[in-house]
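> what's the 3D shape of this:
(4 chains)
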There are 2 protein chains.
Amino acid sequence: MDNWNEIRTAYHVARLGSVSGAAKVLGVHHATVIRHIDELEKTLGAKLFQRHSRGYTVTEAGQDLLQVAQATDDQFSQLGNRIKGRGGEVTGELVITSLAIASAAMTSLLARFQAMHPHLIVRFLTDPRLFRLEYGEAHVAIRAGSPSSQPDNVVQPFARQRFAIYASRAYISRNGMPQDENEIVSHRFVGSDDLTINSPMIAWLRDHVPEENLIFRATDMTVMREATLAGVGLCFLSVMEAASHPELVEVIPSKEDWVVPWWLLTHVDLHRTAKVQAVLSFLKEEAKKATVI
Amino acid sequence: MDNWNEIRTAYHVARLGSVSGAAKVLGVHHATVIRHIDELEKTLGAKLFQRHSRGYTVTEAGQDLLQVAQATDDQFSQLGNRIKGRGGEVTGELVITSLAIASAAMTSLLARFQAMHPHLIVRFLTDPRLFRLEYGEAHVAIRAGSPSSQPDNVVQPFARQRFAIYASRAYISRNGMPQDENEIVSHRFVGSDDLTINSPMIAWLRDHVPEENLIFRATDMTVMREATLAGVGLCFLSVMEAASHPELVEVIPSKEDWVVPWWLLTHVDLHRTAKVQAVLSFLKEEAKKATVI
DNA sequence: CAGGATATGTGCGTTTACGCACAGACAGGG
DNA sequence: CCCTGTCTGTGCGTAAACGCACATATCCTG
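Sure thing, here's the model as predicted:
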């Protein structure tokens, strides 16, 4: 049974009782129908129909095929309706991935998006490893910094994450609040372990802070935040993140340069689906409302 | 969903996760697989797979298709096994049709054949109208006299029905037993209404019996038998049939000419099936054993 | 009884779908 | 680090499948 089209042809012949009727329904020439039946019977080694001048009547094998193929036809048409219909609605799973740094801002947004679509299951995956869109691991990825260069990814600008320099109240009470940028040089810092990263904050650190003052270096942004909260030193943190930690005080306010762009990435195969389009337009709309994330 | 082969191709791609693997299993070139997938997605208006350099991974629609087509594949393979396997066994229905005249001899034969195949349902249809093999109304037909000229029918010689001239005991007691064929001319006869039929018994009647003595004419053999039993006159009856009616006496024994051949007819589409072959060989074997039917 | 409508079946020319060859991309291994 | 194996993707020539025309048989109807 390795030619399902022949089964489909035989099904319509069995259903309608004639080659001509099946040919009309199938939109092919009746010679094609005869060829399909002959081929199918040859491979099966059994007759599906008895031929007579008024049409084809099924044998027992043909009756068996009729019932099986009837069910199959129903299943396939339902499947087609599901797939075609699913294009317009926002249901099923929506998998969004980002680095943990974005979770604070994203969680409330995604919660509201889910409330707008009750049948949607949101899976917000924040993992150290990068989920790969091209393997279908996520519908939408949120990336920071320079946009990815994958050719199959559709990249759109999302929000702009604004940074400022913070310190814990404990640190300030011990070391005093620097009054201007010149006093900064004598303070200790928490920062990225990799200083080659091309970012305006890293550049500012290189320009204004002696390397020996960068005493706590980490690769993960959450580690830096924890270190700052523990009073290790000053640190670049996002304005949004710092707002949820009252024990942090702003040492130097945000500058125009201290902004990291976020990008919304979708795989090109999923980008046009209604579900992905819905969440993309929602997130961009919300990002437009909120001036700072 | 009007191309089931494309669904089948997509099913194997979804199952194996790659175009190449599906192409190997399907025995086609991988370019064909790609074309099927592209065409199917175009008609559905939705992506079934996400393409990447390591293979194809299913989307939600592809996952849906995978499950439906998995079930379909199972159903079809089971169907194929049933149809192919059914070729070798004698089950289901066996429809045999004949004129009522043959029922007496056939019933016991068919009963024994059914006993040999417990899963067989025998439908022995004896109806005034002729069941038509080409419409699938019967597997085997039993016809008497000249073999049918239908080109789609396979005709085989079956048994030879031997005739003799009988009368009821009541008739003989009233009119006496004719001692030889010369006395026959003064007796009344029951016979066929159509004297143009080409048969040795009809010819004998024309030669030996005055037409005015053929006082009871019928088209149906059972009617003639009933008339003979009612004492109307002498009549050609089959030896087999007369043996089951003790009130009938043989007036003139059977001659070599008084034989009607029976034919086994099967439609060419069903002739090669094991079930039909089984009953044909059984009937021919039994006919060989019994010298007279 | 004749003619039209409808059915299957078949040879032939054309179109569609296929296989082939090659290119490009990526992961794994010596 | 290059090399190899495996994967997808695409243009092109060929072979298989298709539509067409015609033949034939049957049933229905006026």
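> my read: A:Arg217 touches A:Gly191, true?
Yes. Taking contacts as C-beta atoms under 8 Å, A:Arg217 lies within contact range of A:Gly191: 5.9 Å. Every C-beta, even on glycine, is put in place using the N, C-alpha and C of the backbone.
> where does A:Ser281 land in three-state SS?
Secondary structure of A:Ser281, reduced to three states by DSSP: H, G, I helix; E, B strand; the rest coil: helix.
> That one and chain B, how far apart?
The spacing between A:Ser281 and chain B, counted by C-beta to the nearest C-beta, to the nearest Å, is 19 Å.
> Compute the number of surrounding residues for that residue.
The number of residues packed near A:Ser281 is 10, by other C-beta atoms under 10 Å in any protein chain shown.
> the more surrounded of A:Arg217 and A:Gly191?
Neighbour totals were compared for A:Arg217 and A:Gly191, and A:Gly191 leads with 22 against 15 (other C-beta under 10 Å).
> Look up the pLDDT of the closest residue to the more buried one other than its chain neighbours for me, please.
Leaving aside its sequence neighbours, A:Gly191 sits nearest to A:Leu214 (C-beta to C-beta, 6 or more residues apart in numbering or on different chains; 5.0 Å). For A:Leu214, the model assigns a pLDDT of 91.
> again, but for A:Tyr171
pLDDT, A:Tyr171: 94.
> how about low-confidence regions in chain A?
Applying pLDDT under 70 to chain A picks out residues A:128-129, A:147-149, A:291-293.
> Up against DNA strand C, what does it have?
Neighbours of DNA strand C within chain A, by C-beta under 7 Å from any atom of the strand: A:Ser18, A:Val19, A:Ser20, A:Gly21, A:His30, A:Ala31, A:Ile34, A:Arg51, A:Ser53, A:Arg54, A:Gly55, A:Tyr56.
> And what about the residue of the stretch 51-200 of chain A found nearest DNA strand C, helix, strand or coil?
For the stretch 51-200 of chain A and DNA strand C, the shortest gap (C-beta to the nearest atom of the strand) falls at A:Arg51, measuring 3.5 Å. Under three-state DSSP, A:Arg51 falls in the strand class.
> Would you check that it makes contact with B:Leu270?
No. Contact criterion C-beta under 8 Å: A:Arg51 and B:Leu270 do not qualify, at 11.4 Å.
> Between those two, which is the more surrounded one?
Neighbour count, other C-beta under 10 Å: between A:Arg51 and B:Leu270, B:Leu270 has more, with 22 against 18.
> Enumerate the residues of the stretch 51-200 of chain A near chain B.
For the stretch 51-200 of chain A, the residues in contact with chain B (C-beta under 8 Å from any C-beta of the partner chain) are A:51-52, A:54, A:57-61, A:64-65, A:68, A:71-72, A:75-77, A:79-80, A:82-84, A:86-87, A:92-93, A:134-136, A:152.
> Does A:Met221 touch A:Ile101 like I think?
Yes. Under the criterion of C-beta under 8 Å, A:Met221 makes contact with A:Ile101 at 4.3 Å.
> what about those two, which has more around it?
Per other C-beta under 10 Å, whichever of A:Met221 and A:Ile101 has more neighbours is A:Ile101, with 22 against 19.
> That one: what's it in contact with?
When contacts are counted by C-beta atoms under 8 Å, 6 or more residues apart in numbering or on different chains, A:Ile101 touches A:Ala144, A:Met221, A:Thr222, A:Ser238, A:Glu241.
> Let's verify the residue nearest to A:Leu280 when sequence neighbours are not counted: helix, strand, or coil?
Closest residue to A:Leu280 apart from its sequence neighbours, by C-beta to C-beta, 6+ apart: A:Leu264 at 5.9 Å. Recorded secondary structure, A:Leu264: strand (three-state DSSP).
> just checking, what's the longest helix in chain A?
The longest helix of chain A (DSSP state H) is helix A:60-86.
> Just the buried ones among the residues of the stretch 51-200 of chain A next to chain B, please.
A:51-52, A:57-61, A:64-65, A:68, A:72, A:75-76, A:79-80, A:83, A:86, A:92, A:134, A:136 (16 or more other C-beta atoms under 10 Å in any protein chain shown).
> Of the residues you listed, which ones also sit close to DNA strand D?
Counting by C-beta under 7 Å from any atom of the strand, no member of these is near DNA strand D.
> what residues are up against the residue of chain A most remote from its centre?
In chain A, the residue that sits farthest from the middle, by C-alpha atoms, centre = their mean, is A:Ser53; the gap is 59.4 Å. A:Ser53 makes contact with no residue, according to C-beta under 8 Å, 6+ apart.
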